[in-house]
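[1] Return a 3D structure for these sequence lines:
(2 chains)
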Number of protein chains: 2
Amino acid sequence: MKHIVLVAFDRFTDIDLFLAWDLFSRVAADECRVQIVANSPRITSSTGIAIDCHGTLATAREADAVYFCSGQGSRALADDPAFVKTMRLDESRQVLAAIDSGAILLGALGHLRGRRATTYPSPDLHERLIASGATPVEESLVVDGNVATAAQCLAGVELVRWVLSKLFGQEMADATIATAAPLASKRS
Amino acid sequence: MKHIVLVAFDRFTDIDLFLAWDLFSRVAADECRVQIVANSPRITSSTGIAIDCHGTLATAREADAVYFCSGQGSRALADDPAFVKTMRLDESRQVLAAIDSGAILLGALGHLRGRRATTYPSPDLHERLIASGATPVEESLVVDGNVATAAQCLAGVELVRWVLSKLFGQEMADATIATAAPLASKRS
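    Numbering: from 1, shown residues only, chains lettered A, B, ... in the order given. Predicted coordinates:
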């Protein structure tokens, strides 16, 4: 049984959370537990979608994989000393992934030091990555050991595929993503 | 000012609603109003995400575009006489789109009669399309005048692009989708 935790926050970007949540939730319930956590029991996206979370940030410490979402609110969370104090992740045994501005959360926790990393192409995010010791690059997916970053919402599909491949193998990851991939034409 | 209504229901599929919601919401607020409607003020996805809706199904009658979401609950809605009675859409002036099993909702309302249409590749959905006078085809996007269907969640990106192109033109549609498309590598 694997455990995947999605880290979210107020003013998250809908696609960044729900795309990954839905894809991870397609794994059979007896093989994978998926939870959305935040530093508040209820969070609201930047477009106004309010949802209840499934646990606290500390839950992430017990997960096999931690997936950091993106959105305007990532800056406030990255600057919150309680966030850094609470998370204490272990990249030697945990798979860590971040989409878009979620990368600055990985950076704030020290997991991007000396690494290449990608994020949403915004100057403030690049500055934050550099401050955390990372080298920002403009690529859709950057993998380094147990840590990966991806840039722009729809790259979340490949980031989810990578997380699933680390936890369950490539075949299962591909089969899961295939359930959502645009239907191929039988005419072509 | 354009008005886009997303039709959802209990047991919706997260990606099918939130992908389109987020992409449509990227259009400037003074150019486009976007609403999620259902036959209940609060709905829950098949994975347990509960959200408040923005209006009733009747709201769709006033929209410039109506986008039908997908999910297990689409069958119950398609079989609900109140749904058919309430919707009364006008494809001569409204853009109508459906992702996956949302196609059977368009079918129940009579908008797929004599048309080719695509849906999630499930026998029960194909049977329902045929019963509504449509010809099911296995393609990712099928456009016929003001009516379009798309198959498998991530084809929602192209369906949203098509809706935006009908309302605002191709250039604006492409620019909106580009904000979410995976970042192209500057190295390649």
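[2] Give the full set of residues in contact with the nearest residue to residue A:144 once chain neighbours are set aside.
    Of all residues not flanking residue A:144 in the chain, residue A:115 sits nearest, at 5.0 Å (C-beta to C-beta, 6 or more residues apart in numbering or on different chains). Using the backbone N, CA and C atoms, a C-beta is placed for each residue, glycine as well. The neighbourhood of residue A:115, defined by C-beta atoms under 8 Å, 6 or more residues apart in numbering or on different chains, consists of A:133-135, A:142, A:144, A:147.
[3] Likewise for residue A:143?
    Contacts of residue A:143 (C-beta under 8 Å, 6+ apart): residue A:162.
[4] what phi and what psi does the backbone show at it?
    The phi/psi pair for residue A:143 (degrees, to the nearest 10) reads phi -110, psi 130.
[5] Could you show which parts of chain A are in contact with chain B?
    Taking C-beta under 8 Å from any C-beta of the partner chain as the contact definition, chain A meets chain B at A:13-15, A:18-19, A:21-23, A:25, A:47, A:49-52, A:118, A:120-121, A:137-141, A:150-155, A:157-158, A:179-187.
[6] please redo it, this time with the cut-off set to 6 Å
    Within chain A, the residues that sit near chain B (C-beta under 6 Å from any C-beta of the partner chain) are A:14-15, A:18-19, A:22, A:25, A:47, A:49, A:51, A:138-140, A:151-155, A:180-183, A:185-186.
[7] of the residues you listed, buried ones?
    Neighbour counting with 16 or more other C-beta atoms under 10 Å in any protein chain shown marks A:14-15, A:18-19, A:22, A:25, A:47, A:49, A:51, A:139-140, A:151-155, A:180, A:182-183 as buried within the residues of chain A next to chain B.
[8] Rebuild the contacts of residue A:115 as a markdown table, extending it with neighbour count, pLDDT and secondary structure.
    Listed next are those as a markdown table, based on neighbours: other C-beta atoms under 10 Å in any protein chain shown; pLDDT from 0 to 100; DSSP: H, G, I helix; E, B strand; the rest coil:
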| residue | neighbour count | pLDDT | secondary structure |
| --- | --- | --- | --- |
| A:133 | 14 | 98 | coil |
| A:134 | 25 | 98 | coil |
| A:135 | 13 | 98 | strand |
| A:142 | 25 | 98 | strand |
| A:144 | 14 | 97 | strand |
| A:147 | 19 | 98 | strand |
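[9] can you give me the strands in chain A?
    Applying DSSP state E to chain A gives strands spanning A:2-7, A:32-38, A:42-44, A:50-52, A:55-56, A:65-68, A:95-99, A:116-117, A:135-136, A:141-144, A:147-150.
[10] tell me what the longest one is packed against?
    Read that as strand A:32-38. strand A:2-7 (3 or more C-beta pairs under 6 Å, 6 or more residues apart in numbering or on different chains; DSSP states H and E).
[11] Ok, the third one next?
    Counting by 3+ C-beta pairs under 6 Å, 6+ apart, no packing neighbours are recorded for strand A:42-44 among the helices and strands.
[12] Going by neighbour count, list what's buried in stretch A:93-102.
    For stretch A:93-102, a neighbour-count test (16+ other C-beta under 10 Å) marks A:94-102 as buried.
[13] same thing with stretch A:78-92?
    Under 16+ other C-beta under 10 Å, the buried positions of stretch A:78-92 are A:78, A:83, A:86-87, A:89, A:91.
[14] how far away is the residue nearest to residue A:102 when sequence neighbours are not counted from chain B?
    Spatially, and ignoring its direct neighbours in sequence, residue A:102 is nearest to residue A:68 (3.3 Å; C-beta to C-beta, 6+ apart). Distance of residue A:68 to chain B, given as C-beta to the nearest C-beta, to the nearest Å: 17 Å.
[15] could you list every residue that touches residue A:80?
    By C-beta atoms under 6 Å, 6 or more residues apart in numbering or on different chains, the contact list for residue A:80 is empty.
[16] in the sheet, who's paired with the residue nearest to residue A:102?
    Under DSSP bridges, the beta-bridge partners of residue A:68 are residue A:7, residue A:98.
[17] phi, psi of residue A:70?
    According to degrees, to the nearest 10, the main-chain angles of residue A:70 amount to phi -130, psi 170.
[18] so what's it up against?
    A:13, A:16, A:99-102.
[19] which ones are touching the nearest residue to it once chain neighbours are set aside?
    Sequence neighbours aside, residue A:100 is the residue nearest to residue A:70 in space, at 3.4 Å (criterion: C-beta to C-beta, 6+ apart). Going by C-beta under 6 Å, 6+ apart, residue A:100 touches A:70, A:119-120.
[20] how about a cut-off of 10 Å?
    Going by C-beta atoms under 10 Å, 6 or more residues apart in numbering or on different chains, residue A:100 touches A:13, A:15-16, A:68-71, A:74, A:118-122, A:125, A:149-153, A:155-156, A:159, B:180, B:183.
[21] I'm done for today, thanks for sticking with me.
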